[in-house]
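1. Turn this into a structure:
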Amino acid sequence: MTAPESLEHKYVEGAADEPVLLLLHGTGGGPDDLVPLARQLSPASALLAPAGPVSEHGAARWFRRLAEGVFDHEDVVFRANQLADFVLAAREEYGLGDRRLVAIGFSNGANIAAAVTLLRPDAVRESALFAAMSPLPEPPREDLSGTRVFLSNGEHDPMAPLASAETLVRDLRERGADVVAHRHPGGHQVTGNGLVAAAGWLNGERGEQSTRT
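-> So this is what the prediction gives:
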């Protein structure tokens, strides 16, 4: 198992009765990027925020890509398992026990969170994904019953096309995951309405199968 030290990260303790938020930044970001977003979603939560281990011309990423929107799928699988092992080791290192953990990802961070959700339900069972797309062409048939996923995607996102996001929704649902798909009329961004919807989902509000704001 990968030790927590294997990924540069920061950990901030929080209320024991609130979910631990696993923060996964976008390309070129770092562990602090999603802290403001996390505090809007769950102000008292503990934060586990690693840094992407792959460098693309100096920009931190979670996995290699061959071109814009073209992923190195072997590296996606390798890095998803690396991150999953990190999460399990961090549970031990920080004494998290069986506390609820929710991955919060944007863009490339959302894509690696989606990959971990599909490949390693032992590590991540809940994810809130902003501007995500399908990370793998043929995910394995893991049993994802008990998995919850919230996705917020722009209808005019050139970097995460809606068709790819819909493929991800389909793959998750076919494997038994409970998915809420939120749509907004914008592009590659986190919207205020998306945050409100994600906060409601995080607090257990089921909402609609698919919503647009």
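
2. Setting aside sequence neighbours, what's the nearest residue to G30?
-> A51 (5.6 Å; CB to CB, 6 or more residues apart in numbering). For every residue, glycine as well, the C-beta is placed using N, CA and C.

3. List the buried residues of stretch 21-28.
-> Buried residues in stretch 21-28, counting neighbours by 16 or more other CB atoms under 10 Å, are found at 21-27.

4. now the helices: where do they sit in the chain?
-> Applying DSSP state H to the chain gives helices spanning 35-41, 73-93, 108-119, 162-174, 192-202.

5. quick one, which of the ones you listed is nearest to V180?
-> helix 192-202 (5.5 Å; CB to CB).

6. quick one: contacts for the nearest residue to E8 once chain neighbours are set aside?
-> Closest residue to E8 apart from its sequence neighbours, by CB to CB, 6+ apart: A51 at 4.3 Å. For A51, the contacting residues are 7-9, 25, 30-31, 60, by CB atoms under 8 Å, 6 or more residues apart in numbering.

7. switch the cut-off to 10 Å
-> 7-10, 24-25, 29-33, 60, 62 (CB atoms under 10 Å, 6 or more residues apart in numbering).

8. returning to that earlier point: inside strands: which ones of the buried residues of stretch 21-28?
-> Counted as lying in strands by DSSP state E, out of these, are 21-24.

9. Touching, D143 and D122? I think so.
-> No: counting by CB atoms under 10 Å, D143 does not reach D122; the two are 11.2 Å apart.

10. where does the chain dip in pLDDT?
-> 1-5, 205-213 (pLDDT under 70).

11. Report back the residue of it that's furthest from centre.
-> In the chain, H57 marks the outermost C-alpha relative to the chain mean, sitting 23.2 Å out by CA atoms, centre = their mean.

12. Quick check: that residue vs L21, distance?
-> 29 Å (CB to CB, to the nearest Å).

13. Likewise for R100?
-> Distance, R100 to L21, using CB to CB: 10 Å.

14. Need the residues touching each of these two.
-> In contact with both R100 and L21: 45, 202, using CB under 10 Å, 6+ apart.

15. E68: neighbour count?
-> 7 (other CB atoms under 10 Å).

16. ok, now A199?
-> 15.

17. For it, give me its contacts.
-> 40-42, 128, 150, 205.

18. Now list the buried members of those residues.
-> Buried among the contacts of A199 by 16+ other CB under 10 Å: 41-42, 128, 150.

19. now for those residues, which pair is the farthest apart?
-> Maximum distance among those (CB to CB): 13.0 Å, for S42 and F150.

20. quick one: common contacting residues for these two?
-> Shared contacts of S42 and F150 (CB under 10 Å, 6+ apart): 102, 104, 198-199, 202.

21. any chance of the residues you listed in a markdown table, plus distance to H182?
-> Below are the shared contacts of S42 and F150 laid out as a markdown table (distance: CB to CB, whole Å):
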| residue | distance to H182 |
| --- | --- |
| V102 | 16 |
| I104 | 14 |
| A198 | 8 |
| A199 | 12 |
| L202 | 13 |
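
22. which of the residues you listed lies closest to L47?
-> Using CB to CB, these come closest to L47 at I104, 9.2 Å.

23. The closest residue to A46 other than its chain neighbours: neighbour count?
-> Nearest residue to A46, sequence neighbours excluded (CB to CB, 6+ apart): G14, at 3.4 Å. Counted with other CB under 10 Å, residues neighbouring G14 total 19.
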